[in-house]
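**Q** Quick one: sequence plus predicted model below, questions after.
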Amino acid sequence: MSELDDISQQMEKLRNELRLTARDIEIGNIEISKETVNNLEKQLKLLKAQREEALAKSEISDSEIKKTEEQIKQLNRLMKDVKDARTATGQMFIQISAAGNEFKKFLGDFSKQFALAQQMAKEYKKIGVDIGMTGAGAKFMEQSFKGSLPAILEMGGSMSDLGNIFTEISSQSGRISNLTAEDAIMVGSISQSMNMSAAEAARMTESFMLMGLSSEQIEENILETYKSAQAMGLNATKVISVLQQNIDTMQGYSFASGVKGMTEMAKLGVKLRVDVGEMLRMADKFYQPEAAIEAAANLQMLGGDIAQAFGDPFETMYLARNKPEELAKKVGEMTENMLQFNEETGEFDMPAEARMQLQATADQLGLSYENMVKMSRQSAKISKIKTEFVSVGDDEMKESLASMAKFKDGRFVIETEEFGDLGLDEVTDGMVDSIMKENQTQEENLRDIATNTKVMSEQIKNMREGGKARVAGLTNIYELTADEMAPQLQKMKEGIGKLGDVFIDKSEQFIGEMLDDKSGSSKIDETLKSMSDLGKEIKDGTINAFKNLNQKISETEDLLGGEGSGTEDLIPRGEDMVSLPGSNGRVMTGSFGSLALDDRDLVVAGDPNKLLGGGNNSGTPSRMEFGNLNISGRIEVVSPNGTAMNLDMSTIKPQIEKMIISHMNGSFRDGGVSSSKQATDYMG
């Protein structure tokens with residue numbers, strides 16, 4: 001093999017590594033690090049240098065040169081792909097490509113499609129149970145669910161979000177849900193674009209539907225409110241949130257301009273920093289003529305702007321009844337001159353008399369003093385700023401621009417992208433439209449707002465999940481599979497039922513046979529007898545010390561057997577060891593290996609020769625004797641005909657002692673006995 005062949009093989013190995021790396025990056029399995037890229041580049045650079053050296057040293061065939069040139073081209077291309085993964089755009093390309101590759105795998109895997117479709121079926125069947133929908137209604141809801149889920153996922157929602165939309169609207173209305181897929185998508189777009197929970201968006205939608213608005217009208221009103229709030233420099237999401245939180249309360253009041261009046265009330269609440277619910281409750285004070293006259297009289301006593309604002313009780317009553325948003329605006333205007341602007345600090349100071357007026361007004365209107373102060377400060381700020389627009393004619397535009405103004409470097413300015421920081425006296429009517437549009441979203445529907453407010457990686461993921469849901473839902477893979485398997489499922493159900501019936505019919509016999517087995521009752525009888533005997537011995541004084549009691553209990557446990565006594569697991573059991581032929585009893589073998597024994601070990605282990613004189617250097621024959629043996633327990637002997645006889649070990653204690661002593665003293669031959677008769681003779 002030539003030197004260039006070896007280099008070519010190394011190039012092929014690097015090419016395979018780069019291809020695997022590039023493929024893993026493409027499907028999103030790994031993120032490439034800078035260190036990894038550097039190491040791969042070093043390998044490629046080294047192989048190029050080695051190739052040049054090999055070409056210079058010896059003659060190389062044209063085919064080998066051409067082969068390595070092609071390898072270098074491939075390596076350069078693959079290296080570029082890997083390096084591109086380190087760039088921002090490269091990462092985006094990779095993520096987009098990975099989404100497409102994963103979707104292709106999904107299309108080729110029916111098990112994944114079925115699993116997703118079954119998950120969807122579980123959700124819409126749960127909805128059917130929650131809202132009591134079956135039959136044709138359930139089928140309609142199923143189609144709406146499957147038709148809307150892809151769009152919900154693309155906007156960043158979830159399957160459970162969609163479930164909440166159906167159940168919440170049905171719960172609010174008290175009716176079976178008849179939401180179409182388009183309706184559900186609209187509610188989901190409100191949720192995702194306005195940062196609401198799906199349940200909150202559903203409740204607000206149902207309130208609007210109760211007022212007679214269609215899905216299209218609901219979206220138009222919310223989108224218009226959202227954009228106009230942005231143009232006013234308000235937190236548009238906050239405005240929609242205030243609308244959602246107070247929609248049920250506002251439905252209890254008459255707004256001459258309908259939903260538009262409600263949305264204006266929400267914008268006014270955010271603009272003046274007041275509690276909308278509190279302002280609506282204030283309107284109740286002026287609802288009846290007598291109450292309106294009395295409240296107006298009390299407010300007129302406070303004088304100034306307050307007396308002027310509530311000078312006509314019947315006008316106030318009309319606003320309370322028909323235009324509560326105008327009444328709230330009147331309260332704001334009433335307080336705008338109570339605070340004084342400090343030119344040095346850019347803050348609004350509250351004189352002592354203004355504080356007293358605000359407290360008294362809050363008491364009369366049923367508003368909190370803290371909210372009155374906030375509203376007064378905001379109204380004063382807007383009033384002050386409006387006076388500085390010298391080149392803007394429309395008063396409503398001035399108010400909207402005033403909400404955007406900030407105190408900066410000793411003056412109020414409006415920050416813009418097109419014109420930079422503008423002093424209020426620099427703003428002209430020709431600039432107003434451009435300034436307002438800078439704050440407005442360019443999207444034409446809530447769905448686009450929901451989608452485009454997500455970062456790129458989220459959009460890619462949501463797009464992929466939406467595509468999967470579309471395939472799993474609209475192919476009806478779950479429904480078709482379930483219909484096909486229904487007969488088999490029914491057969492299995494019948495088979496399980498039949499087998500269960502047979503067992504149940506025989507169960508009384510089986511259970512009876514089990515209960516007739518009294519083999520374990522003797523254990524209980526023995527235990528009860530031992531307890532009774534122990535009680536008698538304690539009572540008659542046979543056992544007169546605690547030590548004797550423990551000894552007696554130990555003997556009783558031995559008599560009843562170790563199993564179940566609770567002590568058998570306390571002492572660890574060692575493994576058996578054996579003495580193999582040829583070891584003369586001096587080598588014991590077990591699973592761990594072998595262990596050699598000396599004379600001392602053999603004495604302890606009970607070697608008869610050592611015990612009986614073989615290891616006794618005194619010249620005196622050794623004999624084995626011992627005191628009283630504790631022999632207890634029972635032997636159960638079963639005859640061929642099945643009858644059983646229990647033999648108490650204590651009755652054959654003398655024979656056992658004699659056999660052991662004879663064996664240890666050598667009168668009982670080594671190696672045991674040749675027959676059971678001989679054993680019996682020895683024992684006898």
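**A** Looks like it arrived, so ask away.
**Q** Quick check, Met204 in contact with Gln244.
**A** Yes - at 4.4 Å, Met204 counts as touching Gln244 under the criterion of Cβ atoms under 8 Å. From N, CA and C alone the C-beta is placed, and that goes for glycine too.
**Q** List the buried residues of the helix or strand harbouring Leu327.
**A** Leu327 belongs to helix 324-335 when elements are defined using DSSP states H and E. Using 16 or more other Cβ atoms under 10 Å as the test for burial, helix 324-335 gives Pro324, Glu325, Glu326, Leu327, Ala328, Lys329, Val331, Gly332, Met334, Thr335.
**Q** Next, Leu549: secondary structure please.
**A** State at Leu549, reduced to three classes by DSSP: H, G, I helix; E, B strand; the rest coil: helix.
**Q** Identify the residue spatially nearest to it, adjacent ones excluded.
**A** With sequence-adjacent residues excluded and distances taken as Cβ to Cβ, 6 or more residues apart in numbering, Leu549 is closest to Ile543, at 5.2 Å.
**Q** What's the local residue count around that neighbour?
**A** Neighbours of Ile543 under the rule other Cβ atoms under 10 Å: 19.
**Q** dump the residue contacts of it.
**A** Leu534, Glu537, Leu549, Lys552 (Cβ atoms under 8 Å, 6 or more residues apart in numbering).
**Q** what pLDDT does it get?
**A** On pLDDT, Ile543 comes in at 82.
**Q** Same question for the one 5 residues further on.
**A** At Asn548 the predicted local distance difference test score is 78.
**Q** With the one 4 residues further on instead?
**A** Per-residue confidence for Lys552 comes out at a pLDDT of 78.
**Q** And for it, nearest residue in space, chain neighbours not counted?
**A** Ile543 is the one closest to Lys552 (Cβ to Cβ, 6+ apart), at 5.9 Å.
**Q** One more: Val276?
**A** Using Cβ to Cβ, 6+ apart, the closest residue to Val276 is Gly269 (4.0 Å).
**Q** Surely the one you found is in contact with Val242?
**A** Yes - the pair formed by Gly269 and Val242 meets the contact definition of Cβ under 8 Å, at 5.2 Å.
**Q** quick one: which helix or strand includes the closest residue to Asn439 other than its chain neighbours?
**A** The shortest distance from Asn439 to any non-neighbouring residue, by Cβ to Cβ, 6+ apart, is to Gln230 (4.6 Å). Element membership of Gln230 [criterion: DSSP H and E] is helix 215-231.
**Q** which strands and helices sit next to that helix?
**A** Packing contacts for helix 215-231, counted by 3 or more Cβ pairs under 8 Å, 6 or more residues apart in numbering; DSSP states H and E, involve helix 181-193, helix 198-210, helix 236-250, helix 259-272, helix 429-439, helix 446-452.
**Q** Mind listing residues that contact that helix?
**A** 180, 182-183, 186, 189-190, 193-194, 205, 208-209, 213, 235-237, 239-240, 243, 259-260, 263, 266-267, 270, 400, 436-437, 439-441, 445-446, 449.
**Q** ditto for stretch 317-326
**A** Outside stretch 317-326, the residues that touch it by Cβ under 8 Å, 6+ apart are 253-257, 261-262, 264-265, 268, 279-280, 283-289, 292, 327, 330.
**Q** now stretch 178-185
**A** Against stretch 178-185 from outside (Cβ under 8 Å, 6+ apart): 137, 140-141, 143-145, 147-148, 151-152, 162, 165-166, 169, 187, 215, 447.
**Q** Alright, I will stop here.
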